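**Q** Mind looking at a prediction? Sequence and model below.
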Amino acid sequence: MINPNYVLLYVDDPVASAAYYADLLGQQPVDVSPTFSLFALSSGLMLGLWSRHTVEPKALASGGGAELCIRVDDRSVLNDMYADWSARGVTIAQRPVAMDFGYTFMAIDRDGHRLRVFVREGV
């Protein structure tokens, strides 16, 4: 069985993006360099931030073509995250709203990547 456990986001500046995500996630990266930074998340997921200028083969797409999703336990946790991220000046693309899969909001990181926070409901 194949079990993907790494997500790589192509970013303009891995050092600046690592600082951004450290603040957002409340966790420090395990590796930071000018071309690549890495977070080892408690879920087991490895989140890599790779310089779009040095990735090989060259990436044709930029941010916004996929979503990094964060599932939370309930609406109060989601609403608290929304308030916290909004207060930090994180770009919000979608305010908290009920959708067919649950309650959600979406933020956009400094490179245009979509960050969806959601509570699974109604299924």
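**A** Arrived safely, thanks for sending.
**Q** going forward, measure contacts and count neighbours with C-alpha atoms only.
**A** OK.
**Q** Can you classify residue 80 as helix, strand or coil?
**A** Following DSSP: H, G, I helix; E, B strand; the rest coil, residue 80 is assigned to helix.
**Q** Can you report how many residues lie near it?
**A** Residue 80: 11 surrounding residues under other Cα atoms under 10 Å.
**Q** try the one 4 residues further on
**A** The burial metric for residue 84, expressed as a neighbour count using other Cα under 10 Å, is 13.
**Q** Assign it to helix, strand or coil.
**A** Per three-state DSSP, residue 84 ends up helix.
**Q** ranges for the helices of this structure?
**A** For the chain, helices defined by DSSP state H occupy the ranges 14-25, 75-87.
**Q** List the contacts of the last one.
**A** Counting contacts by Cα atoms under 8 Å, 6 or more residues apart in numbering, the residues outside helix 75-87 that touch it are 24, 72, 92, 95-96, 103-105, 117-119.
**Q** Can you flag which of these belong to strands?
**A** If you go by DSSP state E, the contacts of helix 75-87 have 92, 95-96, 103-105, 117-119 in strands.
**Q** between those, which has the most around it?
**A** residue 118 (26 neighbours).
**Q** Tell me what it is bridged to.
**A** residue 71, residue 104 (DSSP bridges).
**Q** if I look at it, how far off is residue 26?
**A** According to Cα to Cα, to the nearest Å, residue 118 stands 18 Å off from residue 26.
**Q** And residue 121, by the same measure?
**A** Distance from residue 121 to residue 26, by Cα to Cα: 26 Å.
**Q** Among the helices of the chain, show me which one is buried the most.
**A** Mean neighbours per residue, mean count of other Cα atoms under 10 Å, is largest over those for helix 14-25, with a mean of 17.
**Q** Provide the angle between the direction of that one and the direction of helix 75-87.
**A** 140 degrees (axes from the mean of the first three to the mean of the last three Cα atoms, to 10 degrees).
**Q** And helix 14-25, what does it pack against?
**A** On a contact count with 3 or more Cα pairs under 8 Å, 6 or more residues apart in numbering; DSSP states H and E, helix 14-25 meets strand 31-32, strand 36-40, strand 46-51.
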